[in-house]
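*Asks:* Coordinates for the following, if possible.
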Amino acid sequence: MDSNIEDLSNSLKELEKNMTTFSSILEKFGLDIITKMGQTNLKITQLTDMVDELNKTTIYIKGLIPQLSNVIQNQKLLEDELSTIKSLIMNLTSLPSKKLEVENTIERDESATDKKVEILNQLNDLKANLENIDDPQAVKTILEQIKEDIFEFTGGHRMLHEISQILTILDSANSLNDLMDDDEQSSKSIKDHLEEKIPFWINKLMVKN
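*Replies:* Residues are numbered from 1 along each chain as shown. The predicted structure is shown next:
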């Protein structure tokens, strides 16, 4: 009887020991899980902060786009004006026999009216024949003559720069249906551009004395 009680007491002690060991293991396991969860939450918080900062940066960059567009547009306008001045200077130096006379009283040559009518007729003829012309070089020859006549008539005008731009494009064009600017999806064909520009040039000449 005493032997059985002793065996049972030993079994209970062994069980208590095992339970203590198991509790220790379980406690450590739980602490590891809590630690891992804390580290995970910290990383999630850091990632969330980074995403917030990225969103703020993206919004700031988007806000700069309109300002950047204005800068580019103003730069293009300045380049156009500088190109106009350059074109006028080149025309002055390329036509040494044609001198500008500046006096207190300017008397226009009687042939000026005839020159104006001649230029207007050339422009009207070119516009009327555009549908039947597809050779860029043929149009280039006509425009070069018109450009020279306009310079002789006006002594310098923004139209000369615009015509020079088209002449440059015609140099490498294969057809009047080529686009003015291949990089722009909304670019017009050379023919369409000329059909719009010629009436504009005519109006400018009409008011020019």
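*Asks:* use CA for all of it now, contacts and neighbours both
*Replies:* Noted.
*Asks:* for the protein, what spans make up the helices?
*Replies:* Under the criterion DSSP state H, helices of the chain are mapped to 2-94, 111-129, 136-154, 158-172, 190-206.
*Asks:* This structure - how does it break down into domains?
*Replies:* With domains defined by automatic domain parsing, the chain comprises 1-75, 107-206.
*Asks:* which one of those domains lies closest to residue 84?
*Replies:* Across the domains of the chain, residue 84 has its closest neighbour in domain 107-206 (5.2 Å, Cα to Cα).
*Asks:* okay, the domains of the chain, which one's buried deepest?
*Replies:* Compared across the domains of the chain, domain 107-206 shows the largest average neighbour count, a mean of 15 (mean count of other Cα atoms under 10 Å).
*Asks:* related to what we said a few turns ago, need the helices of the chain in JSON lines with mean pLDDT and distance to residue 179, can you?
*Replies:* Below are those laid out as JSON lines (pLDDT from 0 to 100; distance: least, Cα to Cα, whole Å):
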{"stretch": "helix 2-94", "mean pLDDT": "72", "distance to residue 179": "20"}
{"stretch": "helix 111-129", "mean pLDDT": "85", "distance to residue 179": "18"}
{"stretch": "helix 136-154", "mean pLDDT": "89", "distance to residue 179": "12"}
{"stretch": "helix 158-172", "mean pLDDT": "88", "distance to residue 179": "9"}
{"stretch": "helix 190-206", "mean pLDDT": "88", "distance to residue 179": "6"}
